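In: got a predicted model here, sequence first, then my questions.
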Amino acid sequence: MAGHSKWANIKRKKAKVDAQRGKVFTRVTKEIILAAKLGGGDPAGNMRLKTALEKAKEANLPKDKIERAILKGTGQLGSSNLEQIVYEGYGPGGVAVLLNITTDNRNRTVGDIRHIFSKNDGNLGESGCVSWMFDRKGLLVIEKENAYLDEDDLMMTALEAGAEDMKVEDDVYEIYTAFDDFTEVYTSLEEKNIPLAEAEITMIPQTTVNLDGNEAEKMINLLEKLEEHDDVDDVYSNFETNE
């Protein structure tokens, strides 16, 4: 868990930089299209779309682009050839890496991802090679400065809503749920006006691999390069470092 949280914190800081660069627009738009394609264009009945729209709002994606993405996803502006793929591989020191990809050109993307792995002391693996090392969970993040409840009361509220656990990480609280309970916990916290900085389905490593020194630097570089690719939605690993 610690390794996941460490990288999650790096991702949050990086997301703010990405938003400034405009890269997040592409990712959020793809997620809206895919969510609408798979679950329909009404966020009231499509939790994935609702989450994507909240991310779009945070990124200040223009309203007309949001509307067009929904229409494209539902087929009202032509069919979308976007597909979601999971890639798996290994980084320095045998660290497991799991990627969620959204692409309109599978061949181009797999070539890019394989190149990133090979250039950073890793390798792209076969389907299923590392996914068994992760558990699919719901994750809800609350920034401490915005939480109107103290730690004990917030944990009690989360557990009563059906959450499995709550972790305290730097300046945020991380609430974890079983995959099937995510929507119920999300709705319960939302109804109590608890401000959520993030709400997503994530992959939690069952065990972690600790790297230090040069290997840790190489691993962080690999994760950052993967994050920078426009087709990569999520990067998960069981990497942990004490540095």
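Out: Yep, it's here.

In: for the lengthiest strand in the chain, the distance to its chain's centre please.
Out: The longest strand of the chain (DSSP state E) is strand 134-143. Centroid separation for strand 134-143 versus its chain: 9 Å, with C-alpha atoms, centre = their mean, to the nearest Å.

In: contact partners of the next helix or strand after it?
Out: Going down the chain from strand 134-143, the next helix or strand is helix 151-161, by DSSP states H and E. The contact list for helix 151-161 (C-beta atoms under 8 Å, 6 or more residues apart in numbering) reads 140, 142, 147, 149, 166, 168, 173, 175, 184-185, 188-189, 192, 194. Where C-beta positions appear, they are placed from N, C-alpha and C, glycine not excepted.

In: looking at these, which are in strands?
Out: 140, 142, 166, 168, 173, 175.

In: any idea how many residues pack against the last one?
Out: For residue 175, the tally of surrounding residues (other C-beta atoms under 10 Å) stands at 27.

In: likewise residue 203?
Out: There are 22 residues near residue 203, going by other C-beta under 10 Å.

In: beta partners for it?
Out: Going by DSSP bridges, residue 203 is paired in beta bridges with residue 136.

In: do the same with residue 76
Out: The partner residues for residue 76, given DSSP bridges, come to residue 78.

In: distance of it relative to residue 70?
Out: Going from residue 76 to residue 70 by C-beta to C-beta, to the nearest Å gives 8 Å.

In: if you count surrounding residues, which of those two has more?
Out: For residue 76 versus residue 70, neighbours defined as other C-beta under 10 Å are more numerous around residue 70 (24 against 11).

In: give me the element the more buried one is part of.
Out: Here residue 70 is covered by helix 63-73, with elements defined by DSSP H and E.

In: what helices and strands are in contact with that helix?
Out: Applying 3 or more C-beta pairs under 8 Å, 6 or more residues apart in numbering; DSSP states H and E, one finds that helix 63-73 makes contact with helix 23-39, helix 47-58.

In: now the first one and helix 47-58, what's the angle there?
Out: The one in question is helix 23-39. Angle, helix 23-39 to helix 47-58, by axes from the mean of the first three to the mean of the last three C-alpha atoms, to 10 degrees: 160 degrees.

In: which residues of the chain score low on pLDDT?
Out: Low-confidence segments of the chain (pLDDT under 70): 1-22, 243.

In: please parse it into its domains.
Out: Domains of the chain are assigned by automatic domain parsing as 2-73, 83-132+208-235, 134-205.
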